[in-house]
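Colleague: from the sequence below, what's the structure:
(2 chains)
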Number of protein chains: 2
Amino acid sequence: MKEDRNILQILRHSRHDWLNVIQLIKGNLTLKKYDRVEEIIQEIVNQTQNESKLSNLNMPKFASDLLVFNWVNKNHFQLEFEVIGDCVDLQSYDERLLQWFMEFSNHLNESCERYGENHLQLTVELMEEELPRFTFDFHGSLQEVEKINKFLGNEQNWNEQLQLVESYINKEEFYITIQLV
Amino acid sequence: MKEDRNILQILRHSRHDWLNVIQLIKGNLTLKKYDRVEEIIQEIVNQTQNESKLSNLNMPKFASDLLVFNWVNKNHFQLEFEVIGDCVDLQSYDERLLQWFMEFSNHLNESCERYGENHLQLTVELMEEELPRFTFDFHGSLQEVEKINKFLGNEQNWNEQLQLVESYINKEEFYITIQLV
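Modeller: Numbers count the residues shown, from 1 in each chain, chains lettered A, B, ... in the order given. Model (predicted):
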């Protein structure tokens, strides 16, 4: 029963997002802005390609959490993501990465301004002969920079699978690059 | 884990369906068939309204089964549906209706020609001061009409909640109207 309601809810959110795209196309068609319609279509095709790539990394927990992330009311920032490179099997990192991301997003939710324009862009880089890299790029308004710094400095958040490569942080933006070892 | 894979799978199917619509829009845009684009948009908006109405009948099991129906490989017919009238709470019928529909669709799968152009249209009528009616309208190729007739004649498929109102059946089409009491 719970899973059925969950399916209905996921499809409701997905339908809502797609209808927004359709409305955007419709509006621009009415205004005869055909070039803009093509741009919108290209954007949505790119986005679905990223979603598809994320889904093919064999990390069902992490991927499903990311795909439904913007539908969860309690989050105070919007998440976007991009996957660069060819898909690889990251199954062994699934559990650990999900835990890390949940912890990280909890800290970010507590740190950023509520109802502000907060965006987090995740870029997954899967380059041949290099370790997979995940870069989190934030733009918005941070009220508690220290909270994020403390999270990054906490040894418990890092281990033999997950390493911090670099980070930069101020009140309006930050980036954090982590590496899967 | 199973549920996470399920979420990924549902979103993958949904994405695939929506991308087909987007490709259709894109193709017609290229051909400058703007009227056709508007028609496609209207069709998809209607369809999502029906999906949304179906999801609001408080029948999570039956509704989720119908919404994912066309994504299940084992089915030999395409399902479409329409909900006419204002939404009502049909929760008490959820379990029974799902069971009935699974039984019915199993029989139909065994009866209709595989890889044929088989369509089943469900119309849900929710009229004030009338009992909710579900009409199943089939067009395609039936190889075993008797199987469906036997299913309809089997007393075990009907009870105090579900009644057969009328039916008509031949090798190319049938309709069955049932009533929720």
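
Colleague: so for the helix or strand harbouring A:Ser64, what's the average pLDDT?
Modeller: Using DSSP states H and E, A:Ser64 maps to helix A:60-67. What helix A:60-67 shows for mean pLDDT is 96.

Colleague: can you tell me if the helix or strand just after it touches chain B.
Modeller: Counting by DSSP H and E, the element after helix A:60-67 in chain order, helix or strand, is strand A:78-85. No - using CB under 8 Å from any CB of the partner chain, strand A:78-85 never reaches chain B; the gap is at least 13.8 Å. Where you see a C-beta, it was placed from the backbone N, CA and C, and this is true even at glycine.

Colleague: give me the buried positions along strand A:78-85.
Modeller: Going by neighbour count (16 or more other CB atoms under 10 Å in any protein chain shown), the buried part of strand A:78-85 is A:79, A:81-83.

Colleague: helices or strands next to the longest helix belonging to chain A in the packing?
Modeller: Among all segments of chain A classified by DSSP state H, the helix with the greatest residue count is helix A:2-30. On a contact count with 3 or more CB pairs under 8 Å, 6 or more residues apart in numbering or on different chains; DSSP states H and E, helix A:2-30 meets helix A:34-55, helix B:2-30, helix B:34-55, helix B:60-67.

Colleague: could I get the first one in CSV with only the CA atoms?
Modeller: In CSV, the C-alpha atoms belonging to helix A:34-55 read as follows (Å, rounded to 0.1, in the frame of the first residue of the first chain):
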residue,chain,number,x,y,z
TYR,A,34,10.0,29.0,-32.4
ASP,A,35,13.7,29.3,-31.7
ARG,A,36,13.0,29.5,-27.9
VAL,A,37,10.8,26.4,-28.2
GLU,A,38,13.8,24.6,-29.8
GLU,A,39,16.1,25.7,-27.0
ILE,A,40,13.6,24.5,-24.4
ILE,A,41,13.4,21.1,-26.1
GLN,A,42,17.2,20.9,-26.3
GLU,A,43,17.5,21.7,-22.5
ILE,A,44,15.0,19.1,-21.6
VAL,A,45,16.6,16.5,-23.8
ASN,A,46,20.0,17.2,-22.1
GLN,A,47,18.4,17.0,-18.7
THR,A,48,16.8,13.6,-19.4
GLN,A,49,20.2,12.3,-20.8
ASN,A,50,21.8,13.3,-17.5
GLU,A,51,19.0,11.6,-15.6
SER,A,52,19.4,8.5,-17.7
LYS,A,53,23.2,8.4,-17.2
LEU,A,54,22.8,8.9,-13.4
SER,A,55,20.3,5.9,-13.4
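
Colleague: who in chain A is up against chain B?
Modeller: Counting by CB under 8 Å from any CB, chain A sits next to chain B at A:1, A:3-8, A:10-12, A:14-15, A:18-19, A:21-22, A:25-26, A:29, A:34, A:37-38, A:41, A:44-45, A:48, A:51-52, A:55, A:60-61, A:63-64, A:67-68.

Colleague: from those, list just the buried residues.
Modeller: By 16+ other CB under 10 Å, these give A:4, A:6-8, A:10-12, A:14-15, A:18-19, A:21-22, A:25-26, A:29, A:37, A:41, A:44, A:48, A:51-52, A:55, A:60-61, A:63-64, A:67-68 as buried.

Colleague: how about A:Gln163: what's its closest non-neighbour residue?
Modeller: Once flanking residues are discounted, A:Gln163 sits nearest to A:Gln179: 4.8 Å by CB to CB, 6 or more residues apart in numbering or on different chains.

Colleague: report the beta-bridge partners for that neighbour.
Modeller: A:Arg133, A:Gln163 (DSSP bridges).

Colleague: contacting residues around it?
Modeller: Listed by CB atoms under 8 Å, 6 or more residues apart in numbering or on different chains, the contact set of A:Gln179 reads A:131-134, A:162-165.
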